[in-house]
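**Q** Here's a sequence, model it:
(chains A, B, C and D, ligands or ions: 4)
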Amino acid sequence: MKKYTFTEKKDTRSGFGVAMAELGASNPKVVALCADLIGSLKLGDFQKQFPDRFFQIGIAEANMMGIAAGLTIGGYIPFTGTFANFSTGRVYDQIRQSIAYSGKNVKICASHAGLTLGEDGATHQILEDIGMMKMLPHMTVINPCDFNQTRAATLAIADYHGPVYLRFGRPVVPIFTERDQEFIVGKAWMVNEGTDVSIFATGHLVWEAILAGEILAEQGIDAEIINIHTIKPLDDEAVLRSVAKTRCVVSAEEHQIAGGLGDSIANLLARKAPAPQEYIGVNDSFGESGTPEQLMDKYKLNAAAIVEAAKRAIARK
Amino acid sequence: MKKYTFTEKKDTRSGFGVAMAELGASNPKVVALCADLIGSLKLGDFQKQFPDRFFQIGIAEANMMGIAAGLTIGGYIPFTGTFANFSTGRVYDQIRQSIAYSGKNVKICASHAGLTLGEDGATHQILEDIGMMKMLPHMTVINPCDFNQTRAATLAIADYHGPVYLRFGRPVVPIFTERDQEFIVGKAWMVNEGTDVSIFATGHLVWEAILAGEILAEQGIDAEIINIHTIKPLDDEAVLRSVAKTRCVVSAEEHQIAGGLGDSIANLLARKAPAPQEYIGVNDSFGESGTPEQLMDKYKLNAAAIVEAAKRAIARK
Amino acid sequence: MPCKGLPRGIDFIALRHRIRPVLALICMTISIVNMAPTTEKLQAVVYQVRRDIVRMVHGCQSGHPGGSLGCTELLVALYHEVMTHNPAFEADGIGEDLFFLSNGHISPVWYSVLAHAGYFPKAELATFRKLNSRVQGHPATHEGLPGIRVASGSLGQGISVAIGAAQAKKLNHDDKLVYVLTGDGELQEGQNWEAIMYAAHNKVNNLVLIVDYNGQQIDGPVDKINTLGNLKAKMEAFGWNVLDQPNGNDLAAIIESLAEAKTLLAETKPVVILLKTEMGNGVDFMMNSHKWHGIAPDDEQLATALAQNPETLGDY
Amino acid sequence: MPCKGLPRGIDFIALRHRIRPVLALICMTISIVNMAPTTEKLQAVVYQVRRDIVRMVHGCQSGHPGGSLGCTELLVALYHEVMTHNPAFEADGIGEDLFFLSNGHISPVWYSVLAHAGYFPKAELATFRKLNSRVQGHPATHEGLPGIRVASGSLGQGISVAIGAAQAKKLNHDDKLVYVLTGDGELQEGQNWEAIMYAAHNKVNNLVLIVDYNGQQIDGPVDKINTLGNLKAKMEAFGWNVLDQPNGNDLAAIIESLAEAKTLLAETKPVVILLKTEMGNGVDFMMNSHKWHGIAPDDEQLATALAQNPETLGDY
Ligand SMILES: Cc1ncc(C[n+]2csc(CCOP(=O)(O)OP(=O)(O)O)c2C)c(N)n1
Ligand SMILES: Cc1ncc(C[n+]2csc(CCOP(=O)(O)OP(=O)(O)O)c2C)c(N)n1
Ligand SMILES: [Mg+2]
Ligand SMILES: [Mg+2]
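**A** Numbering: from 1, shown residues only, chains lettered A, B, ... in the order given. Ligands and ions are numbered 1, 2, ... in the order given. Predicted coordinates for the structure are as follows:
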């Protein structure tokens, strides 16, 4: 098992915030919109440095999506910022018609995704956003795994034409990817080559997959770990190549089991090369209040759960 | 291949309308809400006969979902009616919080689902609604196949406690199920027993699956055809039993390939018994204007496509 | 009139099923014989609720003290004076006045007031925002916390739900009222205006909307973020009767407005009270700012806040 | 000023790339040298557009003639008289006035007016709502139909998009205007009120909203379904300048209101024109009712409708 270490923990949303300030300076076409959540989205620096290109929309997310679509018409690249729930379910039809179907170059940037939002509880803990956004034709769906990758993804999508859903989160988590990594939309990142089981993880679950890989290695199990930061378009080739070798799968995501990364992989494999798969995700329930760690433990979205799932997957080969 | 014939064609939404008028008479707790689409939803009879229990909301679907949630508090069973797009994507967050998470006994009834909406085009042709609704914890998702089954489903869900998404459509299609069928939520209907391939179809695709079954039979292929009218909760047992026998799958639905019935089946099989699967569905694109038949042909949602898919699935065993 | 004077500390959950009818009867009887309490008595509840709010938010180091403190007098007045309601809790609320909290983030004040009104044991307040609690970060029903009839937290949905509940009351020939509270920033959400338009058209005159008119939202003053401008003119243009209440933290003033609202409902229009409150009211360093919308005090700040609000009915 | 007088029947799609700059230049030149046409000349376009509308809807036996006919004079006035625009079509519309159709179901009138203004060949109107057409049931961009910048059809989204486009113009120091048309029933959608509130707060004074104030929606008169009440008072309370135009099917009156709107924008408020139109205007049996909102005439009805509107510029 390849060694990954970290010296620092940061929230992925701060990776977004830092990148936005950089983009503000480097790309005069980048504009930012926010729906009364500047602090939570870490958009304060952008707002302060580029006030003319910052739009405070107030608590009106539907209007924000429409305004973003309109701003593209004058040649701008709007980045919208609010919580993941209010970036997707609240405004699905607006994104669908005014952005996706209209082919608008809007970047929908969503913080506080998943259970790790923590204490606010279920009304805010969206676990269906990846599923919603990936069903939309023309939409790209990205869920980076740490601060550095979120920064890199934010910078990358500014140069990528077309609507993008960028999902990140609230809690501080280890930084284990390189600061100046190349971020290629749609290209999976091989975290660790292995032969016994393919672990496909996204977002906060990538670090848990690495921890799981270490535990598995101690037990003589050689796990392949792949970071699927881009859920759509899925890197079909990387998935198929890995499963051709390992012949079994664990998918891991901070999302409902239905509709997320796991189902994208099951879909691909069912069409091309069926294989036993174990899902790490929330099993058709809402979340609740608690600390991020408590919730990830209770809902079994952690390294221990991945280890068990890997063993079950291998046993089913 | 079992013989199915029809003498009459009707739209599934009319099955809903007829059942609503019956429910109005038989169940004083049933109330109906509509967002300026009484004619399209076939709610005219209910409105005329039970004006006190009919709520004209106007063009304000979010408000309609909230009002429906509130009406349950006084003991009523609200049936909301609008197009499928405006029943789901337009109001996802409202359904999520005020209905699903709050466990409210609301029946979300959605017409004009899918491509067969026809000439209005892509902005109205929702192909992601099943996926959205099935991801919601506490939600039941039903897509009946003809007029009689839609009527039966509408009557059945009035007696079924909890939020339900009932999806039906606009065009006239063959009536081939029995008028007084028993409709059991969550129980798949065996249309035809067979051994070579399992065809799981829902909604308008069930009749196409039957036509496909006849063509396949002529070619010596013995298809099992199962009507999955309830996509959630999925009848796991029926699916697993069938696939244990046939060892390959075709799923057929008027929906995006991602997120719909096909993915529910792929998910189940990946977890329990992987098998080759071919998807009949729309492949990550929006629809367009055209007649229902033209669109079903262009997007390959018909008997001919199912026949080809069945052969591909069998070849992959 | 309220149902006060129920013994506190009883485990209502365990007792619920057996004593529900008895309790309801007692409760109704008390409502009838009980004289309107002085605002002094209510003020004692206010102090205790304020203590609960800051202690709850401090206890989990998260939550929304500002708006909660600003609406303390309102919720105390509603539950301890104005509303006819039943702490034995029946979800359908037939024969009762109902309250909905659209701005769900100010759950602490609601939880505390519900607990002091006898809906559930005060001890449960200590579990606020903690794992496996019924006292969720935002109000929720699925854990069965008595007093809550619908989840909120995602803003802008409460007026619609309240309208549905009010229309159900009409169908049920139930002449009790429905109250719903929204934030002012929250009124930027379009769904509210759908609901406001619909309620006027349909003469939902058993509905009282109260706007927590504190002038603040997360990113700053409402007037700077996205002004509501002349809110009174807006509501009147939308066909509502409007009551201005500039003293939204004054118990007597609140009770007067609520009484006036009730009278005005005879006119077939729904009524809105623009309740000018002070975010963070009762804790000096939390006032005059939006800063305490959604952060928790540290130990020292907690001590300061508690020192300004005497323990009156016993801390949880 | 409009770009009229371009030769019709040219295949702009094929020519687009080669002649785009030339065309734009010609167009601008014409705009400058051309005198304001008499409303008689516009009236000829109106007749032809009406014919196109009923023929298109008849041709596919679906679509929305009522609202389309009601807004014919408006769109003709905008594209053939008031707006500075470029039929060679650049999606970003820099240096042009922009038009957005929020009530996308009245696409027939827009398509016909765009075709007559030279955006695409009239012949394409015959493909309306048919398979593989760029002339979709509701306006769409992905087939690249010139003149359309965003899809509509799901109601309530257009004002937001128009605001975005207007704010982009400000960033670009582009002093041209943005026009957006909505239905009156459509104003029941809350997103409109979010947008209306935002536009006032942000002084989006390069935006003219026009309400197709025909008093009808699908299920009946707006006043019966969910009344807008005093819409003027609502819009004023939301901080807009309001122009009433009771003669919304009179070309001269429309042009006057549009001119007045332009003047009023100097005041830093956005402007709305409440354009009282008649659904189905110009086809007698389609008027005075909501019945023709969304159904197609049969052969006989088509003949009657055409008899009332002479062919002026050639049927497609
Ligand atoms: C739909 C939605 N958008 C955004 C949020 C995040 N949010 C929570 S409270 C709040 C500010 C609300 O302002 P106001 O209603 O005035 O409440 P106050 O701050 O005065 O308590 C925001 C934006 C939310 N909960 N729901
Ligand atoms: C969000 C949404 N809800 C419902 C519909 C269905 N619908 C299309 S047009 C219409 C009526 C619109 O009324 P109005 O804006 O007054 O237009 P008019 O009938 O006058 O043309 C409705 C309800 C829709 N297209 N979009
Ligand atoms: Mg406020
Ligand atoms: Mg109208």
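
**Q** In this structure residue A:233 contacts residue A:186, no?
**A** Yes: taking contacts as CB atoms under 8 Å, residue A:233 lies within contact range of residue A:186: 4.7 Å. From N, CA and C alone the C-beta is placed, and that goes for glycine too.

**Q** Mutual contacts of these two, please.
**A** When contacts are counted by CB atoms under 8 Å, 6 or more residues apart in numbering or on different chains, the set common to residue A:233 and residue A:186 consists of residue A:140.

**Q** Got phi/psi on the closest residue to residue A:195 other than its chain neighbours?
**A** Nearest non-adjacent residue to residue A:195, counting by CB to CB, 6 or more residues apart in numbering or on different chains: residue A:222, 5.1 Å away. Backbone torsions of residue A:222, given as degrees, to the nearest 10, read phi -100, psi 100.

**Q** How many residues are close by residue A:222?
**A** 15 (other CB atoms under 10 Å in any protein chain shown).

**Q** repeat for residue A:155
**A** 18.

**Q** Check the one 4 residues further on too.
**A** Burial measure for residue A:159: 10 neighbouring residues, criterion other CB under 10 Å.

**Q** what does chain C have sitting close to ligand 1?
**A** Residues of chain C found near ligand 1 (CB under 6 Å from any ligand atom) are C:66-67, C:103, C:105-106, C:153-156, C:183-186, C:212, C:214, C:216-218, C:279, C:293.

**Q** Break down the chain into its strands, ranges please.
**A** Since no chain was named, I'll use chain A. Secondary structure of chain A (DSSP state E): strands at A:9-11, A:30-34, A:54-56, A:77-83, A:107-111, A:140-142, A:164-167, A:172-174, A:189-192, A:197-201, A:223-227, A:230-232, A:249-256, A:277-282.

**Q** look at chain C instead
**A** Under DSSP E, chain C gives strands at C:98-101, C:178-183, C:207-212, C:216-217, C:220-221, C:241-245, C:271-275.

**Q** For residue 97, report the pLDDT, please.
**A** By default, I'm working from chain A. Note on residue A:97: pLDDT of 98.

**Q** wrong one, I was asking about chain C
**A** pLDDT for residue C:97: 98.

**Q** Check residue C:34 too.
**A** For residue C:34, the predicted pLDDT is 43.

**Q** what's the spacing between residue A:193 and chain C?
**A** Applying CB to the nearest CB, to the nearest Å, the value for residue A:193 to chain C is 37 Å.

**Q** Which single residue in chain C comes nearest to chain A?
**A** residue C:226 (2.9 Å; CB to the nearest CB).

**Q** What count of nearby residues applies to that residue?
**A** Neighbour count for residue C:226, taken as other CB under 10 Å: 26.

**Q** Among the strands of chain A, which comes closest to residue B:18?
**A** Nearest to residue B:18 among those is strand A:249-256; the distance by CB to CB comes to 35.2 Å.

**Q** so what strands line up beside that closest one?
**A** With DSSP bridges as the test, strand A:249-256 is paired with strand A:197-201 (parallel), strand A:277-282 (parallel).

**Q** Which residues does the first one contact?
**A** The set of residues external to strand A:197-201 that reach it, using CB under 8 Å, 6+ apart, is A:145, A:188, A:208-209, A:212-213, A:216, A:221, A:223-228, A:239, A:242-243, A:245-246, A:248-253, A:261-262, A:265, A:280, A:306, A:310, A:313-314.

**Q** ok, now with 7 Å
**A** By CB atoms under 7 Å, 6 or more residues apart in numbering or on different chains, the residues outside strand A:197-201 that reach it are A:209, A:212-213, A:223-228, A:239, A:242-243, A:246, A:248-252, A:261, A:265, A:306, A:310, A:313-314.

**Q** Drop anything exposed from these.
**A** A:209, A:212-213, A:223-228, A:239, A:242-243, A:246, A:248-252, A:261, A:265, A:306, A:310, A:313-314 (16 or more other CB atoms under 10 Å in any protein chain shown).

**Q** Make sure residue A:139 is actually in contact with residue A:163.
**A** Yes: between residue A:139 and residue A:163 there is a contact under CB atoms under 7 Å: 5.4 Å.

**Q** anything in contact with each of those two?
**A** residue A:100.

**Q** and those two? which has more neighbours close in?
**A** Comparing residue A:139 with residue A:163 by other CB under 10 Å, the one with more neighbours is residue A:163, at 26 against 21.

**Q** now the more buried one: how far from residue A:65?
**A** Using CB to CB, to the nearest Å, residue A:163 is found at 10 Å from residue A:65.

**Q** and what of residue C:182?
**A** 22 Å.

**Q** So these two - more neighbours on which side?
**A** Shown here are residue C:182 and residue A:65; by other CB under 10 Å, residue A:65 has more neighbours (35 against 27).

**Q** my guess is that one contacts residue A:100, does it?
**A** No: counting by CB under 7 Å, residue A:65 stays clear of residue A:100, with 10.4 Å between them.

**Q** Which residue does the stretch 151-300 of chain A have closest to ligand 4?
**A** Nearest residue of the stretch 151-300 of chain A to ligand 4 (CB to the ion) works out as residue A:163 at 31.1 Å.

**Q** How about the contacts made by that residue?
**A** So residue A:163 contacts A:99-100, A:104-106, A:138-140 (CB under 7 Å, 6+ apart).

**Q** How many neighbouring residues does the one residue in chain C that gets nearest to ligand 4 have?
**A** Across chain C, the shortest distance to ligand 4 (CB to the ion) belongs to residue C:197, at 15.0 Å. Residues lying near residue C:197 (other CB under 10 Å) number 25.

**Q** Same check on residue C:290?
**A** Neighbour number of residue C:290 under other CB under 10 Å is 22.

**Q** what does the one 10 residues further on give?
**A** By the other CB under 10 Å criterion, the neighbourhood of residue C:300 contains 8 residues.

**Q** So which of the strands paired with strand A:249-256 is the most surrounded?
**A** Stretch with highest mean neighbour count among those: strand A:197-201 (a mean of 30; mean count of other CB atoms under 10 Å in any protein chain shown).

**Q** Pull that strand out as CSV, backbone CA atoms only.
**A** In CSV, the C-alpha atoms belonging to strand A:197-201 read as follows (Å, rounded to 0.1, in the frame of the first residue of the first chain):
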residue,chain,number,x,y,z
VAL,A,197,-10.6,-5.5,-4.8
SER,A,198,-11.3,-2.2,-6.5
ILE,A,199,-12.3,0.5,-4.1
PHE,A,200,-13.9,3.5,-5.9
ALA,A,201,-14.3,6.4,-3.6
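
**Q** Bridge partners for the closest residue to ligand 1 within the stretch 101-250 of chain C, pull those for me.
**A** Nearest to ligand 1 in the stretch 101-250 of chain C, going by CB to the nearest ligand atom, is residue C:183, at a distance of 1.8 Å. Counting by DSSP bridges, residue C:183 is bridged to residue C:212.

**Q** Reformat the strands of chain A as a markdown table; add mean pLDDT.
**A** Formatted as a markdown table, the strands of chain A follow (pLDDT from 0 to 100):
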| stretch | mean pLDDT |
| --- | --- |
| strand A:9-11 | 98 |
| strand A:30-34 | 98 |
| strand A:54-56 | 98 |
| strand A:77-83 | 98 |
| strand A:107-111 | 99 |
| strand A:140-142 | 99 |
| strand A:164-167 | 98 |
| strand A:172-174 | 98 |
| strand A:189-192 | 98 |
| strand A:197-201 | 99 |
| strand A:223-227 | 98 |
| strand A:230-232 | 98 |
| strand A:249-256 | 98 |
| strand A:277-282 | 98 |
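
**Q** got a pLDDT number for the residue in the stretch 201-316 of chain C that chain B sits nearest to?
**A** Closest residue of the stretch 201-316 of chain C to chain B, CB to the nearest CB: residue C:201 (7.7 Å). Predicted confidence (pLDDT) at residue C:201: the value is 98.

**Q** Could I get the contacting residues of it?
**A** For residue C:201, the contact set (CB under 7 Å, 6+ apart) comprises D:226-227.

**Q** Pretty sure residue C:248 sits against residue C:276.
**A** Yes: shown here, residue C:248 and residue C:276 form a contact pair, counting by CB under 7 Å, at 4.7 Å.

**Q** Would you mind measuring from the closest residue to ligand 3 within the stretch 51-200 of chain A to chain B?
**A** Closest contact between the stretch 51-200 of chain A and ligand 3, by CB to the ion, is at residue A:59 (9.8 Å). According to CB to the nearest CB, residue A:59 and chain B sit 13 Å apart.
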